[in-house]
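S.K.: predicted model and sequence below, questions to follow.
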Amino acid sequence: MRREVRTAPLLRLQETGDDPVERHATWTELFFDLVFVVAVAQLAAGLHHHVSIGGAAVFVGLFVPVAWAWVNYAYVADLFDADEGLFRVVLLAAMLGVAGLAATLPAAFDGHTTAFVVAWAVLRADLVALYAWAWRSDRALRGLVAPHAIGFGAGLAIWLSSLAFAAPGRYVVWACALAVDLATGLLVYLRKQDVPRHRSHMPERFGLFVLIVLGESIIAVSAGTAQSDWSAGSAATAVLGFLLAAGLWWLYFADFDEHVFDWALAGGRRERERSFVYGYGHLVLFAALTAIGVGVQLAIEEAVEGHGHDAAPVLGAALAAYLIALSMIQRAAPRRLASQAIAGRLILAALAAGLAGLGGAVSPLLLVGLAAGAVLMQIAAEGYLDISVVPKEARR
């Protein structure tokens with residue numbers, strides 16, 4: 001009996017036209033996302049316990065590499081559409097790495113960042129190995145994956161060199177490493193004229209991560225009211241916090257475009273540039289959404305305890321950042337956000353920034369009420385509260 005010859009596992013691009021089935025997140029990807037829930041929760045807890053300009057800077061400095069790690073793994077899964085044996089094992093191993101990374105975050109907020117540096121470096125080494133695997137698997141993709149492996153490898157080397165420095169020098173080295181990482185994709189996709197096309201589900205992946213981060217806002221409402229004496233003020237603040245989270249969800253998904261990257265890959269340099277604004281803008285949006293949840297939790301706690309002044313700067317600044325980032329993202333999509341909507345959101349962002357400077361001058365109830373009310377008014381102004389049964393496409 002002839003024995004079947006086993007070939008080495010391959011990591012190949014599934015190009016457009018190979019399979020007409022529309023792509024969606026796999027069960028492995030969804031499982032992978034769950035580990036990042038822990039990391040986001042740790043980041044939110046760190047900001048909650050370190051409400052200051054320095055604490056906010058540390059929050060951003062830790063959040064960006066964590067979110068960037070998620071983006072990179074989501075992109076690899078998107079690029080190669082691999083959900084088989086060995087690739088699953090690699091992702092499961094990466095999940096352990098993310099869990100370890102999350103465990104280092106509390107100490108990192110206190111200035112002990114060595115374990116965080118090492119944990120993140122392990123994830124980057126795993127990612128570089130994935131690109132090396134793809135380089136061996138498909139000659140046609142070497143022009144795409146080799147620059148990624150080199151760029152990310154260089155970023156990894158710079159990142160590890162931060163161990164030779166103490167803060168704040170270490171943070172400067174982190175910024176340089178992340179800059180190299182972020183520039184890698186730009187150089188690869190904007191310089192190449194013949195970028196391989198594939199069916200992308202990255203917009204869906206970004207949307208799913210938005211839901212994960214929004215979940216932190218809902219948790220914040222529950223955490224802020226748990227094991228506390230209820231009052232009309234705290235209950236109303238919690239309800240308004242939920243309405244704010246719902247409004248932010250509505251603004252993001254009301255005109256969701258799932259073909260952003262397909263459109264960019266089929267287009268030219270200009271379309272690819274806009275796709276990077278769309279993708280990189282999500283790093284700001286994720287951090288802002290997480291901070292909004294912390295701001296709501298602080299407001300509820302202040303309503304329960306009857307004192308405090310930390311909620312306004314956190315909630316106001318985060319809401320302003322969210323509105324600006326969301327406007328950039330939706331402006332970069334194929335269906336550009338209308339100029340009137342952008343103007344309204346920028347005005348709202350300026351008002352939110354003004355709220356950040358009020359400190360304890362406004363009550364927690366009024367603070368969250370103003371934020372929720374302004375977002376809901378913006379949704380109505382953009383026409384998303386139209387309850388007509390006529391499909392939106394027919395009303396354009």
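M.R.: Received, thanks.

S.K.: make it CA atoms for all contacts and neighbour counts henceforth
M.R.: OK.

S.K.: C-terminal to the host helix or strand of residue 172, what's the next element?
M.R.: Secondary structure assignment for residue 172, by DSSP states H and E: helix 169-191. Counting by DSSP H and E, the next helix or strand C-terminal to helix 169-191 is helix 202-225.

S.K.: which other residues reach that following helix?
M.R.: Contact with helix 202-225 is made by 24-25, 33, 37, 40-41, 44, 74-75, 78, 234-235, 238, 241-242, 245, 249, 253, 257-261, 282, 286, 289-290, 292-294, 296-298, 300-301, 304, as judged by Cα atoms under 8 Å, 6 or more residues apart in numbering.

S.K.: identify each buried residue in that helix, please.
M.R.: Within helix 202-225, the residues that count as buried by 16 or more other Cα atoms under 10 Å are 202-207, 209-210, 212-221, 223-225.

S.K.: can you give me the neighbour number for residue 48?
M.R.: Other residues within reach of residue 48, judged by other Cα atoms under 10 Å, total 22.

S.K.: confirm it sits in a helix?
M.R.: Yes: checked against DSSP: H, G, I helix; E, B strand; the rest coil, residue 48 lies within a helix.

S.K.: find the nearest non-adjacent residue to it, please.
M.R.: Closest residue to residue 48 apart from its sequence neighbours, by Cα to Cα, 6 or more residues apart in numbering: residue 294 at 6.0 Å.

S.K.: hmm, residue 50 and the one you found touching each other?
M.R.: No: with contact defined as Cα atoms under 8 Å, residue 294 does not count as touching residue 50 (10.9 Å).

S.K.: could you pick out the buried ones from the contacts of helix 202-225?
M.R.: Neighbour counting over those (16+ other Cα under 10 Å) leaves 25, 33, 37, 40-41, 44, 74-75, 78, 234-235, 238, 241-242, 245, 249, 258-261, 282, 286, 289-290, 292-294, 296-298, 300-301, 304 as the buried ones.

S.K.: where's residue 143 relative to residue 188, distance?
M.R.: Residue 143 sits 9 Å away from residue 188, going by Cα to Cα, to the nearest Å.

S.K.: do the same with residue 258
M.R.: When distance is defined by Cα to Cα, residue 258 is 23 Å away from residue 188.

S.K.: low-confidence bits of the stretch 201-350 of the chain, can you list those?
M.R.: Scanning the stretch 201-350 of the chain with the threshold set as pLDDT under 70 gives 220, 223-231, 307-308.

S.K.: many thanks, I have nothing further to ask.
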